[in-house]
Structure formats: C-alpha cells, structure tokens
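Novice: Coordinates only, no sequence provided:
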C-alpha cells in the first residue's frame, strides 16, 4: 500500500459504508474517490500524494482534509511517477465542503 510504503502506520478496513463515512468526515460527493483515510483528524480522500499530506500536517489549516477526486491513472498507488503526481489536482476540503486547490 502506497502510504505504508512511505512510512505510514496504516490500518486497512473494508468499510461497506465508506461513502457515508467520507460524507461524515466532511468530504463532499464531488470529491469522493476510492479510498478514505483519517490522518491526525483530517480526511484524506483518494490517492493524495504523501508530500501533500505532510504539508497539510505541517500547516494544520482549518479544513476537513484533502482530496484527489476520481482515480487518475498516474496518481500515487495507481502508476506514473513522482513527477507526474505533482500535476495532480489535490484539493483542500473546507469545513463547509468547498474545494480549493492545495499547493504543496
């Protein structure tokens, strides 16, 4: 698993109610993807690069979390390389569900 390969102690849970779990964490429907993680109280939705997660944790914005909507074929864990990941549209999920580009 991508996060574990990058030093995260991750527990994987098969959650048949994952979409509701994501919604409960503040992830809007248009940002939902294939995976939801909770990292230090933030929702991480989809194949978000580790570098973006580390920036989020360093900056600690007032936000619900990060999302990489959909399942881009060249995103982390899906293929491609680190250079192509930098072009992925990582979004900051506001506490009100708004999405804004997240620069990391």
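Specialist: Cool, the structure landed. Since this is a predicted model, take the numbers as computed values, not measurements.
Novice: quick one, what contacts residue 42?
Specialist: Counting by CB atoms under 8 Å, 6 or more residues apart in numbering, residue 42 makes contact with 56, 57, 63, 64, 65, 66. From N, CA and C alone the C-beta is placed, and that goes for glycine too.
Novice: hang on, I meant residue 68
Specialist: By CB under 8 Å, 6+ apart, the residues touching residue 68 are 33, 45, 46, 47, 48, 49, 75, 88, 89, 90, 91.
Novice: again, only this time at 6 Å
Specialist: 46, 47, 48, 75, 88, 90 (CB atoms under 6 Å, 6 or more residues apart in numbering).
Novice: Which of those scores worst on pLDDT?
Specialist: Minimum pLDDT across the contacts of residue 68 is recorded for residue 75, with 56.
Novice: Find the nearest non-adjacent residue to residue 99, please.
Specialist: Once flanking residues are discounted, residue 99 sits nearest to residue 91: 4.2 Å by CB to CB, 6 or more residues apart in numbering.
Novice: Got the confidence number for the one you found?
Specialist: The score at residue 91 is 96. That number is its pLDDT.
Novice: moving C-terminal of the strand or helix carrying residue 20, what's the next helix or strand?
Specialist: Under the criterion of DSSP states H and E, residue 20 resides in helix 18-24. Under the assignment DSSP H and E, the closest C-terminal helix or strand after helix 18-24 is strand 36-39.
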